[in-house]
Every structure is written in C-alpha cells, then in structure tokens.
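Novice: build the 3D model from these lines:
(2 chains)
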Amino acid sequence: MNVEAIKAIYINEMRRTRKTLMQSIASPVISTVLYFVVFGSAIGSRIQSVEGVEYGSFIVPGLIMLSLLTQSISNASFGIFFPKFTGTVYEVMSAPISFFEVLVGYVGAAATKSLIIGTIILITASLFVELRIAHPFWMVAFLLMTCIAFSLFGFIIGLWADNFEKLQLIPLLVITPLVFLGGSFYSVSMLPEFWQKVTLLNPVLYLISGFRWSFFEVSDVSVTVSLIMITGFLIACLIVVWAMFKTGYKLKQ
Amino acid sequence: MSNENTPIVSVRGLTKTYDGGHQALKGIDLDIREGEILALLGPNGAGKTTLISTVCGLVTPSSGTVTVGGHDIIKDYRVTRKLIGLVPQELTLGAFDLVGDTVRFSRGLFGLPPNEDRIDEILTDLSLIDKKDDPVNRLSGGMKRRVLIAKALSHEPRVLFLDEPTAGVDVELRKDMWKLVEKLRQDGVTIILTTHYIEEAEEIADRVGVISDGRLLVIDEKANLMASLGRKQLMVDLRAPVEVLPDSLSKFNLERSDDGLRLTYTFDTQGERTGITALLQALNAAGIGLKDLNTSQSSLEDIFVNLVHRDHER
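Specialist: Next up, the predicted model:
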C-alpha cells in the first residue's frame, strides 16, 4: 500500500480547495442561505407544517442533500478531469500506485470537502430554524455514505468526460432535476397519486427520505429501503470505476 | 543491480498496436546498461515516445516484456516505477500549483515520505530555489521544463527518461541541462533521452540508438557507430582542372567538381584497404598533379539520415 501517494493526492486536492475557498465552500453556503430566505422564511411562513415538522426545518435535510450531491459530483469530477485536461495525469499513471489508492486519494478528498460543506450548511441552518436530530448516528451515516457514493459518481463522470461540456452535462441534466423532484422541498405525500408512484423511480428520493428520517423520524419510504438504495448505488459506482481502471479507460492506451 | 552485465532496463520483443490500428512499435529489443547515457534518435512518429511511455507504464504493451532492475514492469510495477523518473515532452503542469507544492506532490506520489531538505536540494540544483513559492503558470517555458525535471527527480530515481528535453529550450538552459545530466551520471543515474538534435546525442551520449517506423535500426557505442557506419571522404585538390577522368581511375568512383579542380573519393573506414594508396598511385600514373589533400568524416547526422533513408527504401 502506497500510503504516501494517497496522502500526496489527498493533500494536493485539499490544497486546491483552500485556494478556491470562495468557490468551494462559500458558494454552497450562500446559495443555501438564499434558499432559506426564499423557501424557509418568505414562502415557508405561509405553509403549514409538513407531517408535523415546521416547513423551514423540514427542508433542511433536503437542502443539505442538494448541496452534498452537487458538490460531491463537481468536486470529484473536476479533481480527476483537470489533470486529464492539462495532461498532468501522466504522473499519476506512471506512479507506483494502484487504482484503489488513486481512488482513495481523489474520492476521499472530494468526500471530505462535501462533508465539510454539509456540516457548514447544517450549522448555518441551525441559525435560521430550530433543528433536532433524532438519530445522530444515522444522520452521520447517511451523510458519509452520500458523500462517498456521489464523489465516486463524480469521479466516474470526470473520467468519462473529455470536454468541459460533458463535465457539466450530467450534473445539470440529471442530478439537479432528480434532487429537486426527489422531495427536497416537499413531502411526496403532497403529490397526486400518479406522481407519487413516478417519484419512487427517483433514487435521490430514498436518500433524502432516509436523511430526513434521521432528523425528524418522518420519511416517505422506509429507512431500510433508503439504506439499501444508497448502499446499492455505492457498490454500483465502485464496480463501474473498477472496470474503468481495469481497462485503462481513456487514461491508458 | 550494480552488476555491469545485468541491464537496468531490458526490452524484449516489444510491440504496440494502438486501438486505431496504428502499429507504433514493431518488435523492439533493447538493453540499457546501468549508468549509461543513451540517446534515442528518430524522426517524428518513429515510436520513441511510445517506447518510453511503455517502460514508464503509460502505455500497455501489445506483446513482449520489459524489465527494470530485473523486475517486470507490469507484475512488479510498484518496484519498477519507483526506479524510474519521467520528464515528458509537453510542458504539463497544474497551472495554479506552486513550484514547491508540485515537487512535493511528485515525491509523495512515488511513495517517499516528505523531505524538505531533499526538495530544496533538487530545486537548488535546477536553479529553482528562489521560485519555490511561485505559481507554475508564472514561469517561463524554460523554467517550467526545469520544474518537470525537478518533479521527475523528486523521488531519486535510478533511471531517468527525458523525452525531447531540449525542444524549445534556449541555449543557456540546454547547457545547464547537460551539466545536470553529467552530474546525474556521476551519481550513477542511467539516462535515456530522445532528441531531434543529433549534435546533442553526439556530444553527450555514450550510446546511440536509431528508431524508425517502430523498429530499432541500430544501437551501438557512439564511437563504434560512427566508425562502422561512418564514411570518410578524401578530397583531392588539383593543380590543373581535369576535363575527363582517365579509365584507370574509374574503379575509384571519383566525383569531379564542376570546375574540375577537385576530386572526391569516398571510402569505408572499416574496409581492410581504404584504397588511398592505390588512388594516389593511379593519379600519379595518370599524370594528374596534386595541390592539397583533405579528409572529412561523416557526422552522426549523416549516419542517421542514411539509416532512416535506407529503412524507408526497404
């Protein structure tokens, strides 16, 4: 195990975050605050509580997930895309380092960033609304698994993308709609019956639902199903990434 | 590994066909001796970079084997890659990284614990120490090249690959670079460089290999190569112009200059008899008066052009 190499990649990636602090951390915080002002205070004050939870509080888990998902994907995808783009990836490819170690370095750093962002949003949110966390252990577990799974997913996108457009494509066209329609801002029970069924096809719903349960013990689907879904997604990402490296996908000829 | 008979890098039957069908390497056999400076010459697209990239692990070989320090580059990649440093052809550097950071990163990537003194030493050797906290994108092209070399040396490799190290580099840096190469050689580092500049190979290399169209046409001591493939020419300046060469001189295949005042005789330095004595006697017998004699030896460049040319005619 080349621990020094993992450390080197991890530190290098975290250094990049420090240099782009505004972009990496400040922007999700600012956008979250805006969501709170608009949805929590302005609109939320006119909405009755949802399933016994005040609307302002109700949206907190969804908002955290929204940032977590988009940030994990963009951090991890950019982390591996940029060296590919500039050509510096040659160094990683010629280093005495295994696929697994590369993955731990890049995905670990991306997931750490997301985790920091998630925590900051949680703290920011607690300044606006009253929060109680019913199951702290499960909250952390959902947070961690989501960060890792979606950083892996971002890593896949970063490997796959060969231009900036592709890099933005999936986050923009797939992830953002899924997150918005996955119950970030509403309970699925508020939808007409037909759309409730359609929503069940949205994998993000299970994440948000499970995460929300860890706060308020209310959920759209059972927690067990949520856990199975996120674990399944994590494993699927691992398999894809493993296959990509095994074949030297777009990195090695 | 210090055994002189064991090559530090050994390439056997190496071929590479890219996905597009292009066959970049067509069976390369090559042994690189520990501590030598080997220059690989070849026209663009000859396969030099593919060969280097394969040894470094950037390209998967289609067939054949490569060992570094006696270890297989695929099975024991962790061992072999630690022994190798690579300076790529293109100036590939993360734009916003600081010089010190990027060199530190390389060292870690190759599995060595941080050692700030060692990094300072390398940066000093490359006259980069006062740029340590500068972002890479603010450096000139020559300076960037130095950073790439510093990165490649950061993990103290035993074999250093320099892919076109002097492409687009000014004279001063080139001189510095050769000084560095000389110093590395004294430390026992094996150096393999590809170049277009034949004078460089001539000046710095111990051995020269010529690659063309995916094949290693020749590899030999620079001196041997020049001796065995080099041709010498004898220029004979005459007192009076000759219009027509007498038949007695036809076997020498002399070239007559336009003004008829100079005859050029080409001979093989390896031949048992150069034929010079016979030629001079024949000239004398033909009554041609000599004014001056000159000989010249073909340069590595002539040899190279000849070899590649011959290969293309096959």
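Novice: state which helix of the chain is the longest.
Specialist: I went with chain A, as the question did not name one. helix A:55-86 (DSSP state H).
Novice: let me rephrase: I mean chain B.
Specialist: helix B:171-186.
Novice: could you give the mean pLDDT of the next helix or strand after that one?
Specialist: Proceeding C-terminally, helix B:171-186 gives way to strand B:190-195 as the next helix or strand, assigned by DSSP states H and E. Strand B:190-195 shows an average pLDDT of 90 in the prediction.
Novice: so A:Leu69 touches A:Thr146, yeah?
Specialist: Yes. Using CB atoms under 8 Å, A:Leu69 is in contact with A:Thr146, at 7.0 Å. Placement of C-beta: from N, CA and C, glycine included.
Novice: and for those two, which residues touch both?
Specialist: A:Leu207 (CB atoms under 8 Å, 6 or more residues apart in numbering or on different chains).
Novice: show me what the mean pLDDT comes to for the longest helix of chain A.
Specialist: The model assigns helix A:55-86 a mean pLDDT of 87.
Novice: neighbours of the residue nearest to B:Glu90 when sequence neighbours are not counted, how many?
Specialist: The shortest distance from B:Glu90 to any non-neighbouring residue, by CB to CB, 6 or more residues apart in numbering or on different chains, is to A:Gly87 (5.9 Å). Close neighbours of A:Gly87, defined as other CB atoms under 10 Å in any protein chain shown, add up to 14.
Novice: now the one 4 residues further on
Specialist: Applying other CB under 10 Å, we find 24 residues neighbouring A:Glu91.
Novice: give me every residue in the stretch 151-300 of chain B lying close to chain A.
Specialist: B:Lys151 (CB under 8 Å from any CB of the partner chain).
Novice: got the residue ranges for the helices in the stretch 51-200 of chain B?
Specialist: B:77-83, B:99-109, B:116-125, B:141-153, B:171-186, B:198-204 (DSSP state H, counting those that start in this stretch).
Novice: and those, which is most packed in?
Specialist: helix B:99-109 (a mean of 24; mean count of other CB atoms under 10 Å in any protein chain shown).
Novice: for that one, name the packing helices and strands.
Specialist: helix A:3-19, helix A:89-93, helix B:116-125, helix B:141-153 (3 or more CB pairs under 8 Å, 6 or more residues apart in numbering or on different chains; DSSP states H and E).
Novice: how about 10 Å then?
Specialist: helix A:3-19, helix A:89-93, helix A:99-128, helix B:116-125, helix B:141-153 (3 or more CB pairs under 10 Å, 6 or more residues apart in numbering or on different chains; DSSP states H and E).
Novice: closest approach to chain B from the stretch 1-150 of chain A, which residue is it?
Specialist: A:Ala8 (2.7 Å; CB to the nearest CB).
Novice: about what we covered before: now the helices and strands packed on helix B:99-109 in a markdown table, with distance to B:Gly214?
Specialist: Below are the helices and strands packed on helix B:99-109 laid out as a markdown table (distance: least, CB to CB, whole Å):
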| stretch | distance to B:Gly214 |
| --- | --- |
| helix A:3-19 | 33 |
| helix A:89-93 | 21 |
| helix A:99-128 | 29 |
| helix B:116-125 | 35 |
| helix B:141-153 | 26 |
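Novice: for residue 235, grab phi and psi.
Specialist: Defaulting to chain A. Per-residue torsions, A:Ile235: phi -70, psi -40 (degrees, to the nearest 10).
Novice: please go with chain B instead
Specialist: Dihedral angles (degrees, to the nearest 10) for B:Met235: phi -100, psi 130.
Novice: one more: B:Arg12?
Specialist: Dihedral angles for B:Arg12 - degrees, to the nearest 10 - are phi -130, psi 120.
Novice: what bridges to it?
Specialist: Counting by DSSP bridges, B:Arg12 forms beta bridges with B:Thr65.
Novice: contact partners for it?
Specialist: B:Arg12 makes contacts with B:27-31, B:63-67, as judged by CB atoms under 10 Å, 6 or more residues apart in numbering or on different chains.
Novice: farthest-separated two in the residues you listed?
Specialist: B:Asp31 and B:Ser63 (18.2 Å; CB to CB).
Novice: more crowded one of those two?
Specialist: Higher neighbour count among B:Asp31 and B:Ser63: B:Asp31, with 15 against 12, using other CB under 10 Å.
Novice: hey, what's that one bridged with?
Specialist: Applying DSSP bridges to B:Asp31, the residues it is bridged with are B:Ser10.
Novice: that one reaches B:Thr190, doesn't it?
Specialist: No. With contacts counted by CB atoms under 10 Å, B:Asp31 stays clear of B:Thr190, the gap being 11.4 Å.
Novice: and for these two, which residues touch both?
Specialist: B:7-9, B:38.
Novice: quick one: which of those is nearest chain A?
Specialist: Nearest member of the shared contacts of B:Asp31 and B:Thr190 to chain A, counting by CB to the nearest CB, is B:Val9, at 14.4 Å.
Novice: per-residue pLDDT, that closest one?
Specialist: So B:Val9 comes in at 93 (pLDDT).
Novice: follow-up on the earlier one: how far off centre is the longest helix of chain B?
Specialist: 15 Å (CA atoms, centre = their mean, to the nearest Å).
Novice: so for it, mean pLDDT?
Specialist: Mean predicted confidence for helix B:171-186 is 84.
Novice: give me the angle between it and helix B:116-125.
Specialist: 130 degrees (axes from the mean of the first three to the mean of the last three CA atoms, to 10 degrees).
Novice: between helix B:171-186 and helix B:141-153, how many degrees?
Specialist: 10 degrees.
Novice: can you name every helix or strand that helix B:171-186 contacts?
Specialist: Using 3+ CB pairs under 10 Å, 6+ apart, helix B:171-186 sits against strand B:37-41, helix B:116-125, helix B:141-153, strand B:159-163, strand B:190-195, helix B:198-204.
Novice: want to throw the ones you listed into JSON lines with distance to A:Leu207?
Specialist: Shown next, in JSON lines, are the helices and strands packed on helix B:171-186 (distance: least, CB to CB, whole Å):
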{"stretch": "strand B:37-41", "distance to A:Leu207": "54"}
{"stretch": "helix B:116-125", "distance to A:Leu207": "43"}
{"stretch": "helix B:141-153", "distance to A:Leu207": "40"}
{"stretch": "strand B:159-163", "distance to A:Leu207": "47"}
{"stretch": "strand B:190-195", "distance to A:Leu207": "51"}
{"stretch": "helix B:198-204", "distance to A:Leu207": "59"}
